[in-house]
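Chemist: Here is my input; please provide its structure:
(chains A, B and C)
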Amino acid sequence: MAAHHHHHNPALLHHFATEQQQRDSASFGMWIFLATEVMFFGGLFCAYLIYRHWYFGDFAAASTSINAKLGGANTAVLICSSLTVVLAIWAAQTLRRSLMLLMLVLTMLFGAAFLGIKGIEYADKFHEHHVPGASFNFDHEEIPNHPGQYAEPRHAEIFFALYFIMTGLHALHMIIGLGIFSWLFWAAWKGRFTPEYHTPLEIGGLYWHFVDIVWIYLFPLLYLIDRHK
Amino acid sequence: MSGHSTAGHSSPLKKYFAVWIALLLGTWLTYQASLLDLGRYNAAVALIIATTKALLVTLFFMHLKGASEKLLKLVVASTIFFLILLLALSMFDYGTRSFS
Amino acid sequence: MATPISPNVERENYLNKHYGVGSWLLTTDHKRIALLYLLSITFFFFIGGFFALLIRLELLTPASDLVQADTYNKLFTQHGQVMVFFFLIPSIPAVLGNFLIPLMVGAKDLAFPKINLLSWYLYIIGGVMMIHCMLTGGVDSGWTFYVPLSTSFLNTKVVEAGLAIFVTGFSSILTGLNFIVTIHRMRAPGMTWMRLPLFVWAHYATSIIQILGTPVIAITLVLVVAERSLHLGIFDPKLGGDPLLFQHLFWFYSHPAVYIMILPSMGVVTEIIACFSRKRIFGYSFVAMSSIAIAVFGFLVWAHHMFVAGISVYAALIFSLLSYAVAVPSAVKVFNWTATLYKGSIHYDAPMLYAFGFLGLFTIGGLTGLFLSALGVDMHVHDTYFVIAHFHYIMVGGALMGYLGGMHFWWPKISGKLYPEGWARLAALIVFIGFNLTFFPQFILGYLGMPRRYPDYSHMPEFQILNVFSTAGATVLGVGYLLPMIYFLWSMRYGSPAPDNPWNAAGLEWQTQSPPTTFNFDEEPVVTWEAYNYDEIDKGQKEVPQVVG
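Modeler: Below is the predicted model:
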């Protein structure tokens, strides 16, 4: 890329010397932010790990009661949405405007589908009285593969507390992601992205992939604790 | 990720679709494996598959593999290191308590 | 020692370029944001200091006669929270770091100026929440929020305090993020890693801790708020929860947090010692690597706060061993500073007095940390005034002295004015004397068994004399802190204009005018010299590389 003397890409901010520096900084900044997010969720995984170690049977019983098929479907939905994100960026790099816009819309649709499925799951839990609080009830639930042994409801309540906090925090990040991608769609519509400059798409994509990765871990840890017959 | 032009690059599309298939396959595999009785290895298998999927997303979708500098890989590795530290050292306490 | 005074013409600089409240509240200039932080943290320092004053007044007599016990709990809780989260953690990074890092690396600003401003607003929002919390009932859980007291038993504003700290934590995270990207990406040509001022290395290490540690306390506070609001049972033993889980998560951040508080101060001290010994820092690479080592090792020791809480004895052994290890890089620094002083041309300006104070007091504080790392000793002195003396030696004798030294060292650059040197040396002396009078007796009190967080020690009235010394010292210390505030303000109006480089110091920040222009450098500097090239500087002024700007 030839250096321009006093003609800057309008997207170049004044405190950066070159567009390369700006792009590298933005990308690096997002990776560092994702590092903080890993530690943020990490605390919850730590709590989960300890209580799963202490109350494995009770956790297994609670885990069996959430819908693994819906959880699996949601995993597939997010995986597809990660694909549409990389395709959107590829489209921006190869001047395929319509494809880029389509992929951004699909990403958001997948995200919305994820939230919809999550809503169904939450509603199920509400109706089964598995939401921690005054109306929580987990009496007489057998521990999987231990016939005659019943889960301690208070320990199961801890599972559900962690379930709702972890998936809830994840869903919140999903909602923020939808907001980010709405803005990205609007900016793409306005023609802001070119093969030379599509940094917001890249860093928005990094964020979205991170949210996908968190779910990749949440799915087996929450839904599949002890499902074998 | 930063700065490479697409001219002269072989199309990354094949890679993206291959990763996508691998991720879906991994999900199906995770579910199937959970239905088998592997004793205490159920958790290990689930985590290994999950980590493989996470690595695929990180390396190929997030373009960590093609990153020009080692810096980003260092950031990812360090973060994972500190997360493992939190989990491992805490579990060391819980795992070695002699009272129930 | 001083370079020729610049002509008495008010040049355009970052302070006079724009006027009006809007130009300050919407600024993206890192130097103005640094001043916004300076005002805010000074405000909170007064609040935290006010609580300290009340604590010390209460402890003048053995009986709990000044305030009720519940009130006393609020005093020490809020003193701790305000001083840790709203003063010490931001202090040097948000004020001196923000101001100096772009200048020191040769950049026009930080990597993300708007995020910098956002970090200040998040700090303010958290601060307002904290003040509201204190005014509407306060919190009395101890700054450590231990469960299940904070989640199941207290009737005070735990949730609001927790949320305030949660918000302010993001200010810290964003500052760290900004610094890391800036230091990696925005260094001027020729400014290699090993030519960076060690102040920058110290902040780089600090930022790593801010990035990795703060999110953990953030999620911990979320869990506390959730537990308290929804009675979930995560931390409640009656419902199967483990109170120690909270402590593990809390201290995973809060131990590294103390390194957030001390590392920047070490960076300041390094700059001051080099300048006022007129020598290169002995063992530059060791000092740089020791900062990184402190950041990494700092994450390995957290459960030494939990030796008597119920962790397994094997875990206690490991954490005790690791706590000894973490002292090594700090000791490396002390040795390197001492070696720098050796055969240096020592000048006793005020910044150097603070640096000397730091050296002695940080060493004492650090060594007493080793006492506490020994399991047997800790059994006896945990939760006594020994611990309080230990961490105040480091936080106040160390971090705060470093902050004051740095404020004096860079004041001419920040304000364009010179502070009155005579008063500054006097203040430094008063601070040193007041500090030792306040906190040394507390080592003895703790060793003799006086518990912390008790307003009433009438079961051991013989503690009173030491407590009286401590309170007297606190009064002297307070005077010592007020003096700089007064003469710094005075100097803004009546101080002599500062030359661009009053100390003839090394570093790119001294190559700009005092105060700098908004964009720091007219032309991007190109660095061809090593850090701390005092031998070159002192041989002949002509060799000092000049950068226009």
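Chemist: The longest strand belonging to chain A: partners in the sheet, and parallel or antiparallel?
Modeler: Secondary structure of chain A read by DSSP state E shows that its longest strand is strand A:146-150. Looking at strand A:146-150 with DSSP bridges, its partner strands are strand A:142-143 (antiparallel).
Chemist: Go ahead and name everything in contact with the partner strand.
Modeler: Contact partners of strand A:142-143, identified using Cβ atoms under 8 Å, 6 or more residues apart in numbering or on different chains, comprise A:57-58, A:60-61, A:148-151. C-beta here means a position set from N, CA and C on the backbone, and glycine is covered the same way.
Chemist: could you dump those to JSON lines with neighbour count?
Modeler: What follows is these, written out as JSON lines (neighbours: other Cβ atoms under 10 Å in any protein chain shown):
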{"residue": "A:Gly57", "neighbour count": "20"}
{"residue": "A:Asp58", "neighbour count": "26"}
{"residue": "A:Ala60", "neighbour count": "22"}
{"residue": "A:Ala61", "neighbour count": "26"}
{"residue": "A:Gly148", "neighbour count": "6"}
{"residue": "A:Gln149", "neighbour count": "13"}
{"residue": "A:Tyr150", "neighbour count": "16"}
{"residue": "A:Ala151", "neighbour count": "25"}
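Chemist: I'd like those as CSV, with distance to A:Phe164 appended.
Modeler: Converted to CSV, these look like this (distance: Cβ to Cβ, whole Å):
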residue, distance to A:Phe164
A:Gly57, 21
A:Asp58, 16
A:Ala60, 18
A:Ala61, 17
A:Gly148, 29
A:Gln149, 25
A:Tyr150, 22
A:Ala151, 17
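Chemist: Can you tell me which of those residues is nearest chain B?
Modeler: A:Ala60 (10.2 Å; Cβ to the nearest Cβ).
Chemist: Tell me what angle the host helix or strand of that closest one forms with strand A:146-150.
Modeler: Assigned by DSSP states H and E, A:Ala60 belongs to helix A:56-64. With axes from the mean of the first three to the mean of the last three Cα atoms, to 10 degrees applied, the angle from helix A:56-64 to strand A:146-150 works out at 100 degrees.
Chemist: Report the angle between the following helix or strand past helix A:56-64 and helix A:56-64.
Modeler: Per DSSP H and E, the first helix or strand lying C-terminal to helix A:56-64 is helix A:68-93. Taking the same axes, to 10 degrees, one finds helix A:68-93 and helix A:56-64 inclined to each other by 70 degrees.
Chemist: circling back to that earlier point, is the helix or strand following the longest strand of chain A up against chain B anywhere?
Modeler: Tracing the chain C-terminally past strand A:146-150 and defining elements by DSSP H and E, one meets helix A:153-189 next. No: if you take Cβ under 8 Å from any Cβ of the partner chain as the test, helix A:153-189 misses chain B, and the best it gets is 13.6 Å.
Chemist: Counting by contacts, list what helix A:153-189 packs against.
Modeler: Under the contact definition 3 or more Cβ pairs under 8 Å, 6 or more residues apart in numbering or on different chains; DSSP states H and E, helix A:153-189 sits against helix A:19-54, helix A:56-64, helix A:97-127, helix A:199-218, helix C:198-230.
Chemist: Take these and write them to TSV, including mean pLDDT.
Modeler: What follows is the helices and strands packed on helix A:153-189, written out as TSV (pLDDT from 0 to 100):
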stretch	mean pLDDT
helix A:19-54	95
helix A:56-64	94
helix A:97-127	96
helix A:199-218	97
helix C:198-230	96
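Chemist: wait, isn't C:Met129 in contact with C:Leu163?
Modeler: Yes: contact criterion Cβ atoms under 8 Å: C:Met129 and C:Leu163 qualify, at 6.2 Å.
Chemist: follow-up on the earlier one: can you say which of the helices and strands packed on helix A:153-189 is packed in most?
Modeler: Stretch with highest mean neighbour count among the helices and strands packed on helix A:153-189: helix C:198-230 (a mean of 25; mean count of other Cβ atoms under 10 Å in any protein chain shown).
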